[in-house]
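Participant: I'll drop the sequence and a predicted model, then ask my questions.
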Amino acid sequence: MKIIISNSSDEPIYEQISRQIKEMIIKGELEEGEILPSIRGLAKDLQISVITTKRAYEELEREGFIETVPGKGSFVAMQNKELMKEKKLKIIEEKLAEIVRESKMLGIGYEEIADMLKILFEEE
Amino acid sequence: MIALIKKDFKLNFAVKSSLISMVMFVPLLLFITEINDIVRIFHFIVLSYGYILINIPFKYDVKDKSHLLIQSMPVRKRDIVISKYIFAIISYCIALAFSLLIFTALDLLNIGDSINLSFNDIKETFLAYILISSINLPTQFRLPPKLANIVNVFIYVFITNHFVFIPNSTTIANFLTNTIANNDFLVLIVSMIIYLVSMIISIYLYKTRDLY
Amino acid sequence: MLEVINLTKNFGNFKLDNVSFKLEPGYIMGFIGPNGAGKSTTIKLIMNLLKKDSGEIRIFGKDHIKHEKEIKDRIGFVYDESFFYEDLSINQMKNIIAPFYSRWDNKKFDQYIKEFNLDPHQKIKKLSKGMKMKFSLALALSHNADLIIMDEPTSGLDPVFRREVLDILYDVIQDEGKSIFFSTHITTDLEKIADYITFINNGKIVFSKPKDEILETYGIVKGDNSLLDTDTRKEFIGLRVTKVGFEGLTDNPQKFRRKFGDSIIIEKPTLEDIMVYSVRSERL
């Protein structure tokens, strides 16, 4: 299992962790039922705080990617590939809705947002 | 409690430098002061060694600030004080035994005048020692270590003077010597009461003191 | 595990004023502040080396004076100065200390001494500062303590060794029943490992929050001086203006992003940035 975090990135560390784990699960690199490193063990290996790893795991659990059994550890949850894709789409939809809300508040129109989106897609 | 007493023990006997200075101290002083009366010498040795033994651990507190270490460990301030009072008595016993040993040796080797020590002498030294400690210890527990050590030297010199160097020349010393000779039990009780009161005062003083 | 509530102590020219913070089991709290801010004083009050004027300190849920002895049995402490008997050897010192603790583990102690490359027969006065600190740490970790309190343990030590200490602390914290309280003015030590940060300045607590939250809330804003006016200046906690531009700490970087867009740079602050800017602004 490979997790690499960057201290200089703008993305919060807990997000980097949960994103990388999510990707591994979606790509199948982490199998269903596989056990994840403990929160404290991961904090030690990555040399970060326990709260950070805890937060990452909590987010993963909230989104249904992992399950935590008290006393035993955290495991990759049973994933329904279709369901997962649906979940991801739903998250994207929610995020887009928020962007639309914010834009309307600031008086930014669709064209401008579409341009921004285009640039971002070309960047990544 | 035992751990505390053991610690004071070790500080006195486990370190070569303290041992050497202890053994060298009194003969040196005797040399300087030239007391001829055997009884006086006896008093002097007992009081001096008792004083040194109880004060070496306090000296370390000054030098190494070790009282901060001790106080950070699981000990009650009350226990620290009580252990010192117990150790003071132990120090007296050691000093007494040590002096008796020296004198027995001198006697056997037929050095000096024959020695006429009576039980009275032991009583006198005990009383003097209790008095010194009853003032010595509270000052150690209240005053900052450096100041306490200076004050204690004065107390030691003052009381030793009266009991060792100029006995029979003051009415107080006379009065005390006579009382001691005639009222064993009373003297013992009174001195123990003074000692206990001093201990209670010390506990109170130490509890309310800030350790820097 | 450690709870300080409205702790106050007056020294005449310095006052520790209503200090409050809380540390739960399983976490590391960094206690930061400039020299003289009151860090050592707070720790001395927690350990009852100084008498508090008012306030409450609870450790393991118990009052720190009423249950002093049983609490200290479970506390491992490391101070920045060594208060050992300098004339004794490491072993002699250990033999004096060990009987005070009910859960002393001699095997563990020997392991640490070996790991730290210390000679048990070496006299303490011959040890370097780093070695004395390692010895303190070995002692603190050898009696199954649940709370480790460290007062500037790494000041005066080289970065290599400081990193070693952090590794050891990470090992300690693998047990979620243990907590570590770590005061320092070298904030880089805490950037990585600390879960919570309590910042004290001039005897008062500036904040006590999860480290992640702090680093996400604050931002360093850099830009051209032309962007500064009385309104924007108010948004800064600390500001540094030079001939070539300004740099400032704010707890509301999003506002700046919205207002100035690309004409400013916003960076993640370090704990040192936060401390320095907060302290400087107070001094003004």
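Facilitator: Arrived safely, thanks for sending.

Participant: for chain C, what spans make up the strands?
Facilitator: Residue ranges of the strands in chain C, as given by DSSP state E, are C:2-10, C:15-23, C:28-32, C:54-59, C:62-63, C:75-78, C:147-151, C:179-184, C:196-201, C:204-210, C:219-223, C:236-242, C:245-250, C:265-267.

Participant: mind putting those strands into a markdown table with distance to residue B:1 and mean pLDDT?
Facilitator: C-beta here means a position set from N, CA and C on the backbone, and glycine is covered the same way. Formatted as a markdown table, the strands of chain C follow (distance: least, C-beta to C-beta, whole Å; pLDDT from 0 to 100):
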| stretch | distance to residue B:1 | mean pLDDT |
| --- | --- | --- |
| strand C:2-10 | 28 | 92 |
| strand C:15-23 | 32 | 93 |
| strand C:28-32 | 34 | 94 |
| strand C:54-59 | 23 | 94 |
| strand C:62-63 | 22 | 93 |
| strand C:75-78 | 20 | 94 |
| strand C:147-151 | 25 | 94 |
| strand C:179-184 | 29 | 93 |
| strand C:196-201 | 37 | 93 |
| strand C:204-210 | 39 | 92 |
| strand C:219-223 | 57 | 90 |
| strand C:236-242 | 53 | 87 |
| strand C:245-250 | 54 | 89 |
| strand C:265-267 | 58 | 87 |
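
Participant: right, so of these, which gets closest to residue B:160?
Facilitator: Counting by C-beta to C-beta, residue B:160 lies closest to strand C:75-78 out of the strands of chain C; the figure is 40.6 Å.

Participant: listing partners with orientation, what would you give for that closest one?
Facilitator: Looking at strand C:75-78 with DSSP bridges, its partner strands are strand C:147-151 (parallel).

Participant: taking strand C:179-184 as reference, get the angle to the partner strand.
Facilitator: Going by axes from the mean of the first three to the mean of the last three C-alpha atoms, to 10 degrees, strand C:147-151 is angled at 0 degrees with respect to strand C:179-184.

Participant: if you compare the directions of strand C:147-151 and strand C:28-32, what angle comes out?
Facilitator: Angular relation of strand C:147-151 and strand C:28-32 on a 0 to 180 degree scale: 20 degrees, by the same axes, to 10 degrees.

Participant: chain center to strand C:147-151: distance?
Facilitator: Taking the mean C-alpha point of strand C:147-151 and that of its whole chain, the gap between them comes to 9 Å (C-alpha atoms, centre = their mean, to the nearest Å).

Participant: my guess is residue C:280 contacts residue C:239. True?
Facilitator: No. In this structure, residue C:280 sits apart from residue C:239 without contact. The criterion is C-beta atoms under 8 Å, and the distance is 9.0 Å.

Participant: quick one: furthest residue from the center of chain A?
Facilitator: Within chain A, residue A:107 marks the point farthest from the mean C-alpha position, 29.9 Å out by C-alpha atoms, centre = their mean.

Participant: so what's the residue count around residue B:97?
Facilitator: When neighbours are defined as other C-beta atoms under 10 Å in any protein chain shown, residue B:97 has 12 of them.

Participant: what about it, which helix or strand?
Facilitator: Counting by DSSP states H and E, the secondary-structure element that holds residue B:97 is helix B:77-108.

Participant: so which bits of chain A are right by chain C?
Facilitator: Counting by C-beta under 8 Å from any C-beta of the partner chain, the residues of chain A lying close to chain C are A:10, A:12-14, A:40-41, A:43-44, A:47-52, A:55, A:106.

Participant: picking up where we left off before, who are the packing partners of the helix holding residue B:97?
Facilitator: Using 3 or more C-beta pairs under 8 Å, 6 or more residues apart in numbering or on different chains; DSSP states H and E as the contact definition, the elements that helix B:77-108 packs against are helix B:2-13, helix B:38-64, helix B:66-72, helix B:119-142, helix B:184-207.
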